[in-house]
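S.K.: I would like to see how this sequence folds:
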Amino acid sequence: MRHSWRSLLLRTHLRSRSNLPSHSPHPSSLSNPNPHSVRRFASLLRADPLRSSPSGPPFDAQVASLARPSYPFVARPFSSEPAVEVEDSDHTVVADAFAKCENPEDAAKELESNNVAVSHDLVLKVLESLSASPSAAGRFFDWVSERHSENLSSKSYNLMLGILGVNGFISEFWGLYETLKKRGYGVSGRVRDQVLETFEKEGRESDAEKLRGIFASGSINNSVEKNPSRIFRIVKNEVWSEDVEKKLRELDVEFSTDVVKMVLENLATEPMKALIFFRWVKESGLFNHNKQTYNAMAIVLGREDCIDRFWKLVDEMKVAGYEMEMETYVKVSNRFCKRKMIKDAVYLYEFAMGGVNKPSVQECTFLLKKIAVSKDFDVGLFSRVVKVYTEKGNALTDTMLYTVLKSLTSVGRLAESDKVLKVMQECGFLPGANLQSKIAFQLSSAGKKDEACKFMDALESSGLPSDFKTTASLIEGHCVSGDLEKASDYFHEMVEKEAGSSASRALDSLVNAYCDKNRALDACRILKDCASNNELKPWHTTYKLLIKKLLAQGGFEEALTLLSLMKEHGYPPFLDPFIQHISKKGTKDDALAFLKAMTSKKFPSITVFLQMFEAFFKVRRHNEAQELLSKCPRHIRNHADVLDLFCSKSKGTLATVAA
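M.R.: Alright, predicted model coming up:
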């Protein structure tokens, strides 16, 4: 309907001021005209731009008064989130963060931890603080250009321009000037004087002459680059009326794609005025919108307080045959996710997947993560994203599932993993063996006994081949959580089916867990039962640990029985803990039992006897050494080394008594 945009103005006058909201949700990062020019100097300053969705200033009272219409074909609920207030000291926090962090991502995390909200005034203060540090200023400016471009103004561009020029970044200075000029801004007299003085001192006469020439022509010539700024100022600063329309017509401007797009981008914080201009320029016959201008308008409207109009525009764009650009999708989707508008983010993903320019695998994973950590995990929304992704011929991967599970874990929602796995299995996904093991361990170690059981049942029902590594990981997890009974149950089921390396690994975990609970005797019974009846070969380290724990927990006889099992499995005897234990606490009978357990046919070598005698002498238990010697075979008692040892110890004792 012709002049339908005028209905927006009519609503402005009809709407009661008493119904105005106390504040408006903030918009997100908007497209930055010619971002390559900004990145050119930022990359040389080692900037590392980040992608995100920031907040910006609220509407003017006049624009906020525009009523939000309802469209019957749009029924997409959304959420809200209050804006964060900016503290006076925030600029110091920001300046310090970008000064000490080479990677802007690290600086951004510090800002987030301090609840810093970026605003136009904050940008100016930070640039002023970093004026003597061009590298830090460059990192900050590039980050703002990427994430908070709506907070950049002529003054902030001029501040950055001055920092570059005064500090000798000449090519970066002219690159940023080109961006500034295309935004319709001019070089201020203060910046001109400062930079011109630097150029002259450094003998850069050609650059100085070029800068003088800019001002000789009025800083910005009358080319198309000045037009967006002139239009923007008229639309932004005045209430829309016939007088405004007249002024715009009198500019005698050619409304090209670049001009319209730049005006819309500059009106990012005034979405209703941007929409009025968008409608007016078309219905006045001055310009026919295309893919670029539709996408620019979509970015402006893709915010919480304009959501109905956004979807109307998206539907209109589709009918007109124009595709949503990937840049538009990424910016709006990130903004929706940041503002907790998860349903709208899913609707947008479905819309984008229906076009030619489809979101990447990374964008799908990002959205699934956001659904996973949302206030209420909506498995329906999760399923919609997975289904539209796979229906377009894409395959789900282990990486995607593991990333989602990590997100669930981060918000204490790992119990929902069975729902996630079920949705992905319904779309043809079966997790690989390594991922199965990770999931099983995460669930059981977190004490999610029922969820772990459901997960194992789901694997079995899916027809996947039995993977004993997964069971071993499950047992390890139960041991970590302290559920030894459950771990034992799974272990016994496992050894009935398999007695290989996975079972040995699981046994090691189980023995460790029992020993940590001072239940070494129970661990010994499990090991002996499995090693004897199921041909299971425990690890050498498992034997050694269990022997130490048994001796410490009063299980001397049980520890002796393990020596014969160790020999059967080809392991060398583990002597030291026995010798130390017997020499300090044991009797001659304990010593004889140990020495006999060393072999099934005869006593061990003379070396072992000597070690045992020396251990007794070391702790001054000479009587026990003599008693043991009296019980030894003749060839031991008469051995020259044994006689020499006892003779030397007897002389030492007599010498001590005599003294």
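S.K.: could you point out which element follows the helix or strand that V423 is a member of?
M.R.: Using DSSP states H and E, V423 sits within helix 417-426. Sequence order places helix 433-445 as the next helix or strand after helix 417-426, per DSSP H and E.
S.K.: now do that next one and helix 417-426, the angle between them.
M.R.: 160 degrees (axes from the mean of the first three to the mean of the last three CA atoms, to 10 degrees).
S.K.: in terms of secondary structure, what does helix 433-445 contact?
M.R.: helix 398-410, helix 417-426, helix 449-461, helix 468-481 (3 or more CB pairs under 8 Å, 6 or more residues apart in numbering; DSSP states H and E). Heads up, the C-betas are built off the backbone N, CA and C, glycines and all.
S.K.: just to check, W240 is in contact with I276?
M.R.: Yes. At 5.3 Å, W240 counts as touching I276 under the criterion of CB atoms under 8 Å.
S.K.: show me what secondary structure element comes after the lowest-mean-pLDDT helix or strand in the chain.
M.R.: One helix or strand of the chain scores below all others by mean pLDDT, DSSP states H and E: helix 61-64, with a mean of 34. Remark: after helix 61-64, the chain's next helix or strand is helix 90-100, criterion DSSP H and E.
S.K.: and the contacts of that next one?
M.R.: Contacts to helix 90-100, defined as CB atoms under 8 Å, 6 or more residues apart in numbering, come from residues 104, 106-107, 110-111, 114, 116-118, 122, 125-126, 129-130, 133, 136-137, 139-140, 143.
S.K.: what about that helix, distance to the chain center?
M.R.: On the basis of CA atoms, centre = their mean, to the nearest Å, helix 90-100 is displaced by 23 Å from the centre of the chain it belongs to.
S.K.: follow-up on the earlier one: name the residues of the helix holding V423 that are buried.
M.R.: With burial defined by 16 or more other CB atoms under 10 Å, the residues of helix 417-426 counted as buried are S417, D418, K419, V420, L421, V423, M424, Q425.
S.K.: likewise stretch 514-522?
M.R.: Buried residues in stretch 514-522, defined by neighbour count with 16+ other CB under 10 Å: Y514, C515, R519, A520, D522.
S.K.: now the buried members of the contacts of helix 90-100.
M.R.: Buried, going by 16+ other CB under 10 Å: 104, 107, 110-111, 116-118, 122, 125-126, 129-130, 133, 136-137, 139-140, 143, out of these.
S.K.: Three-state assignment for the residue lying closest to K291 once chain neighbours are set aside, please.
M.R.: Leaving aside its sequence neighbours, K291 sits nearest to Y322 (CB to CB, 6 or more residues apart in numbering; 4.3 Å). Per DSSP: H, G, I helix; E, B strand; the rest coil, the secondary structure class of Y322 is coil.
S.K.: dump the residue contacts of Y322.
M.R.: Contact partners of Y322, counting by CB under 8 Å, 6+ apart, are N290, K291, Y294, N295.
S.K.: what's near enough to touch the last one?
M.R.: Read it as N295. When contacts are counted by CB under 8 Å, 6+ apart, N295 touches M317, Y322, M324, E325, E327, T328.
S.K.: return the most buried member of the helices and strands packed on helix 433-445.
M.R.: When the helices and strands packed on helix 433-445 are scored by mean count of other CB atoms under 10 Å, the highest mean neighbour count falls to helix 468-481 (a mean of 24).
S.K.: please work out the average pLDDT along it.
M.R.: In this model, helix 468-481 carries a mean pLDDT of 86.
S.K.: list of residues touching that helix?
M.R.: By CB under 8 Å, 6+ apart, helix 468-481 touches 433, 436-438, 440-447, 449, 452, 456, 459, 484, 486-487, 490-491, 493-494, 497-498, 500, 502-503, 505-506, 509-510, 512-513.
S.K.: check the gap between the most centrally placed residue in the chain and L430 for me.
M.R.: Most central in the chain under CA atoms, centre = their mean is S407, positioned 8.0 Å from the mean C-alpha point. S407 sits 21 Å away from L430, going by CB to CB, to the nearest Å.
S.K.: could you do L560 as well?
M.R.: To L430, L560 is 48 Å away according to CB to CB.
S.K.: neighbour count: those two, which is higher?
M.R.: Neighbours per residue (other CB atoms under 10 Å) separate L560 from L430, with L560 holding more: 19 against 15.
S.K.: which strands and helices lie in contact with the host helix or strand of the more buried one?
M.R.: Counting by DSSP H and E, the element that carries L560 is helix 556-568. Secondary-structure packing of helix 556-568 (3+ CB pairs under 8 Å, 6+ apart): helix 520-533, helix 540-552, helix 576-585, helix 588-597.
S.K.: rewinding a little: which one of the buried residues of stretch 514-522 sits closest to L629?
M.R.: Taking CB to CB as the measure, L629 sits nearest to A520 out of the buried residues of stretch 514-522, at 31.7 Å.
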